[in-house]
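*Asks:* Here is my input; please provide its structure:
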Amino acid sequence: MRILHTSDWHLGRSFHREGLLEHQAAHLDHVLEVVETEGVDLVVVSGDIYDRALPPVDAVHLANETFTRLARSRARVVLTSGNHDSAQRLGFGADLIDAAGIHLRTKAASVGTPIVLEDAHGPVSVYGLPYLDPDAVRSAWSLPARSHEAALREAMRRVKTDLATRGGRSVVLAHAFVGGGTAPEASESERDISVGGVSLVPSSVFDGIDYTALGHLHGRHTLTETIRYSGSPLAYSFSEADHVKGAWLVDLGATGVTSCDFVEAPVPRRLARISGRLDDLLTDRSLSVHEGAWLQVTLTDDTRPERAMEQLRRRFPHTLVLAFQPSSPGLGLAAAVDVRGRSDHDITLDFVATLRGAPATDAESALLLAACDACCDDPELDLAEVLA
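*Replies:* Here you go, the predicted model:
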């Protein structure tokens with residue numbers, strides 16, 4: 001049986017106010033292409049189909065179109081809900097959709113009930129574990145502790161109890177933060193799911209399963225040869241600029257996994273992080289490779305350049321994030337200032353000079369004075385006179 005393991009689509013997500021739906025649609029086209037060209041029998045999507053519990057209408061339309069196309073493909077599909085999804089909304093109509101070969105698993109109560117598929121070597125039991133909030137299942141499952149580990153251990157106890165009666169090979173989908181001796185590196189775009197400061201679940205929870213398809217982390221990770229994260233299909237934060245995105249293509253033979261290859265996804269627009277003085281960034285020819293990328297720029301000028309973003313976007317039109325980190329120690333750091341007997345205007349001028357290492361221009365000073373006056377009950381009343 002050939003399995004395509006993907007997760008964390010986050011349909012409807014934006015990237016620093018840039019819409020991503022067109023890029024997400026292109027990735028789903030790629031998924032359908034891989035299904036056909038690689039002869040995929042089973043597609044597993046391990047949670048976070050949507051980016052939020054109430055997704056935008058166009059994201060729902062894209063999901064519906066994708067599910068319909070997958071139903072018409074050669075593959076069966078198992079999808080689970082993640083911590084970003086609404087299990088109730090995503091799982092609506094699941095019993096009807098099952099008949100089309102699209103299996104939505106969003107209910108904690110059904111974790112021990114598999115979708116059973118057949119290949120030349122016999123049955124394969126596929127168990128879809130939705131994201132299990134420990135607070136939501138603790139009472140119903142009489143968990144010994146309020147933790148993700150306790151919730152997943154109980155879910156896997158139910159899986160293994162059922163599997164013991166069926167026999168054969170097994171695949172499990174789970175959406176959680178799983179690690180071995182050390183935790184995998186997280187991304188800035190992942191929502192914290194810790195309970196009591198603890199979110200990590202040991203990988204040993206999945207011992208005895210032929211393949212575990214994990215979701216939640218946005219970078220691909222291989223915890224063991226049979227326990228993997230596929231990561232998200234697109235980069236959703238600049239911390240993922242160096243990620244290679246895609247999905248795992250897994251071959252399940254008579255006794256377990258026989259091969260596992262990573263199929264890279266197309267990159268609609270690269271991400272990059274660059275830093276330096278503004279003049280250097282605008283003239284350095286080696287940076288031409290980043291002119292079409294989404295950029296996070298850190299300027300190291302000792303004095304904050306005027307209209308920095310405007311100047312950067314003339315060369316790098318997709319600059320999205322701008323930060324300042326002066327190269328000289330101490331510059332740009334706010335200092336304690338004695339405000340007694342001083343006007344609001346003077347205090348703001350000191351702040352500007354301290355922050356950027358140069359005084360405000362005459363035009364800036366006039367603008368700051370107008371802003372200070374607009375914030376006063378009596379624009380004619382100077383703070384210095386009040387404190388005198």
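*Asks:* make it CA atoms for all contacts and neighbour counts henceforth
*Replies:* OK.
*Asks:* Please, where are all the helices along the stretch 51-200 of the chain?
*Replies:* 57-71, 87-90, 94-98, 134-141, 148-166 (DSSP state H, counting those that start in this stretch).
*Asks:* Of those, which is nearest Thr80?
*Replies:* When the helices of the stretch 51-200 of the chain are compared by C-alpha to C-alpha, helix 87-90 sits nearest Thr80, at 8.5 Å.
*Asks:* Show me what that closest one is in contact with.
*Replies:* For helix 87-90, the surrounding residues in contact (C-alpha atoms under 8 Å, 6 or more residues apart in numbering) are 53, 81, 104, 106-107, 130.
*Asks:* quick one: which of these is nearest to Asp119?
*Replies:* Leu104 (21.2 Å).
*Asks:* quick one: the closest one from Val116, how far?
*Replies:* Separation of Leu104 from Val116 (C-alpha to C-alpha, to the nearest Å): 14 Å.
*Asks:* Over to Ala108?
*Replies:* Distance, Ala108 to Val116, by C-alpha to C-alpha: 18 Å.
*Asks:* if you count what's nearby, which of those two comes out ahead?
*Replies:* Set side by side, Ala108 and Val116 show more neighbours around Ala108, with 20 against 13, by other C-alpha atoms under 10 Å.
*Asks:* to the chain's geometric centre, what's the distance from stretch 171-182?
*Replies:* With C-alpha atoms, centre = their mean, to the nearest Å as the basis, stretch 171-182 stands 16 Å off its chain's centre.
*Asks:* In PDB, could you pull the C-alpha coordinates for that stretch?
*Replies:* The C-alpha atoms that make up stretch 171-182 are tabulated as PDB, following Å, rounded to 0.1, in the frame of the first residue of the first chain:
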ATOM      1  CA  VAL A 171      -1.500   3.300  10.500                       C
ATOM      2  CA  VAL A 172      -2.200   6.000  13.100                       C
ATOM      3  CA  LEU A 173      -2.800   9.700  12.500                       C
ATOM      4  CA  ALA A 174      -2.300  12.000  15.500                       C
ATOM      5  CA  HIS A 175      -2.100  15.800  16.000                       C
ATOM      6  CA  ALA A 176       0.300  16.500  18.900                       C
ATOM      7  CA  PHE A 177       3.700  17.700  20.000                       C
ATOM      8  CA  VAL A 178       5.600  14.400  20.000                       C
ATOM      9  CA  GLY A 179       9.300  13.900  20.700                       C
ATOM     10  CA  GLY A 180      11.900  11.300  21.700                       C
ATOM     11  CA  GLY A 181      14.700  12.100  24.100                       C
ATOM     12  CA  THR A 182      14.600  15.800  22.900                       C
END
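*Asks:* now what about that stretch, what contacts it?
*Replies:* Under the criterion C-alpha under 8 Å, 6+ apart, residues 44-47, 80-83, 124-132, 148, 184, 199-204, 209-217, 223 lie in contact with stretch 171-182.
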